[in-house]
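**Student:** fold the stuff below for me.
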Amino acid sequence: MFAVVVGFLACAAIGATLGWTLTPTPRANAQPPASPPPSSPSAPASPTPSPSQTPSSTPTQSGNQYTLPDYSGTAFQDARNDLRNHKIGVDLVFNQSGTAQTVNHTVPGAGQSVSTGHSVKVFVNGPPPPLAVPPIQPNTVCQTWGSQLAALGFKIARYQGDRTKFVTAESPDQNDPTTHWNTLITLTCGDSGGPPSSPPTDSPSPSPSTSP
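**Tutor:** Sure thing, here's the model as predicted:
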């Protein structure tokens, strides 16, 4: 036993002199390093739902009901035309101050439903602008002419006579420079087919000359 130890020490000393290194022999029962457990596949991220867009309110008509849009800031003529196209009557209410001539608000208000044949009050910023009265068309029935004047922007004050007869006069008429939107017009109705015309003046015929 002593000889074996001395021999081992001698070999170690010789190996150190020659630059040898002794590699430790792995043990037979050494276990390989454990591999990391396989990672489970990650679940795909669910897409984030995009916010739903609320549709903007638009004027709609269902049957004989029309939902009023917001006419604020719109030229009153455009708002009036839109309402009339949907068979809604229009009552313009002008302000005596300002010059905008745009819609301030309506009664009923925006978003309300109005039945066909009913009227809406349209409040206008500014006074009524000028509007010339057209001349009477010959052979026009009084009531028809009144409807045409109302469509232009006038109001009919009254009919003098039977409105189913011909219109013979209107007051104020085309010669009045002060008429404007909402001006009240009085129509005179009669049997003739148009405004009375001035009778032609008969010039006197020359008397026959007598020769001397």
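**Student:** am I right that residue 192 sits in a strand?
**Tutor:** No - under DSSP: H, G, I helix; E, B strand; the rest coil, residue 192 falls outside any strand and is assigned coil.
**Student:** let the chain start at 42 from now.
**Tutor:** All set: I'll call the first residue 42, so the last point we hit is now residue 233.
**Student:** against residue 181, how distant is it?
**Tutor:** 11 Å (CB to CB, to the nearest Å). Where you see a C-beta, it was placed from the backbone N, CA and C, and this is true even at glycine.
**Student:** okay, and the common contacts of those two?
**Tutor:** With contacts taken as CB atoms under 8 Å, 6 or more residues apart in numbering, residue 233 and residue 181 have residue 207 as neighbours in common.
**Student:** show me where pLDDT drops low in this protein?
**Tutor:** For the chain, the stretches with pLDDT under 70 are 42-103, 234-253.
**Student:** any idea how it splits into domains?
**Tutor:** Under the assignment automatic domain parsing, the domains of the chain span 103-166, 183-231.
**Student:** which residues of the chain fall in strands?
**Tutor:** Remark: strands assigned in the chain by DSSP state E are 102-103, 106-108, 130-135, 143-148, 154-156, 160-166, 196-201, 207-212, 225-231.
**Student:** between those strands, which one is closest to residue 185.
**Tutor:** Taking CB to CB, strand 207-212 is the member of the strands of the chain nearest to residue 185, at 8.2 Å.
**Student:** how about the domains of the chain in JSON lines, adding distance to residue 176 and mean neighbour count?
**Tutor:** Converted to JSON lines, those look like this (distance: least, CB to CB, whole Å; neighbours: other CB atoms under 10 Å):
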{"stretch": "domain 103-166", "distance to residue 176": "22", "mean neighbour count": "15"}
{"stretch": "domain 183-231", "distance to residue 176": "5", "mean neighbour count": "16"}
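**Student:** residue 174: which of those domains is closest?
**Tutor:** When the domains of the chain are compared for distance to residue 174 using CB to CB, the nearest one is domain 183-231, at 5.1 Å.
**Student:** measure that closest one end to end?
**Tutor:** Terminal residues of domain 183-231 are spaced 8 Å apart (CA to CA, to the nearest Å).
**Student:** what does stretch 147-162 give?
**Tutor:** Stretch 147-162 end-to-end distance (CA to CA) = 6 Å.
**Student:** ditto for stretch 195-209
**Tutor:** Using CA to CA, the two ends of stretch 195-209 sit 18 Å apart.
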